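Undergrad: Please find the sequence and the predicted model below.
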Amino acid sequence: PALILKPEERWQLRLWGDYATSDYYEEAPDEQDRDGDMYRVGLDARIDLGDEWKLAPRLTYWSYRADGDDYDHQAWDVGAAVTTPEFAGFQLRVDLGILFSDYDHPHSLTGFTEERDDRRFSVKLTIIFRQLEKMLGFPPSVTVTYENWRSNIDAFDFDRFDFGASADILAWSF
């Protein structure tokens with residue numbers, strides 16, 4: 001569920017929450033069992049900066065309760081996205097984010113001596129194909145994501161790139 005407030009024409013707030021449960025098919029030692037429940041609550045803003053520039057700051061709190069102690073954690077995700085005006089049928093969106101994730105129990109990969117502590121920095125660049133929106137009824141997009149994931153446990157310390165495409169007809173916007 002979400003509550004959307006629009007106190008003024010140029011900006012709006014969205015307070016939301018969600019819940020998901022997962023049941024992984026992999027067999028793992030009991031302490032590494034990822035099956036569990038995730039709860040999130042967030043506050044997003046959409047701000048029209050004028051001249052077709054938009055700013056979207058966000059703050060999200062996560063709680064994950066797994067069957068195995070290794071994955072029980074809380075996280076804070078803070079970030080903001082900037083969307084440019086349309087140019088030659090395209091729009092760009094740059095999204096920066098920082099996630100702070102603290103785990104509740106000593107981790108099995110350290111012989112149960114250390115709790116996992118992660119920090120993730122992410123940058124997303126999305127190209128939105130506005131010229132196709134009139135023909136398709138929605139704007140397809142392509143996103144490139146870079147994540148710099150830092151953890152005190154080496155197995156969770158990495159960098160990665162992700163590439164994706166979207167035809168998100170359910171996205172909310174101005």
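TA: Great, that's in hand.
Undergrad: make it CA atoms for all contacts and neighbour counts henceforth
TA: OK.
Undergrad: Leaving out sequence neighbours, find the closest residue to residue 77.
TA: Nearest residue to residue 77, sequence neighbours excluded (C-alpha to C-alpha, 6 or more residues apart in numbering): residue 99, at 4.3 Å.
Undergrad: What pLDDT is listed against the one you found?
TA: As predicted, residue 99 sits at a pLDDT of 97.
Undergrad: what do you get for residue 34?
TA: 89.
Undergrad: Dihedrals phi and psi, it?
TA: phi -80, psi -10 (degrees, to the nearest 10).
Undergrad: how many neighbours does it have?
TA: 24 (other C-alpha atoms under 10 Å).
Undergrad: List the contacts of stretch 75-95.
TA: Stretch 75-95 is contacted from outside by 51-63, 96-102, 122-131, using C-alpha atoms under 8 Å, 6 or more residues apart in numbering.
Undergrad: Filter these down to the buried ones.
TA: The neighbour-count test (16 or more other C-alpha atoms under 10 Å) marks 54-63, 96-102, 122-131 as buried among the contacts of stretch 75-95.
Undergrad: quick one: which of these sit in strands?
TA: 54-63, 96-102, 122-129 (DSSP state E).
Undergrad: and the spatially most central residue of the chain, what are its bridge partners?
TA: With distances taken as C-alpha atoms, centre = their mean, the residue of the chain nearest its centroid is residue 77 (7.4 Å). Assessed by DSSP bridges, residue 77 has beta-bridge partners residue 60, residue 99.
Undergrad: Against residue 83, how distant is it?
TA: Distance, residue 77 to residue 83, by C-alpha to C-alpha, to the nearest Å: 19 Å.
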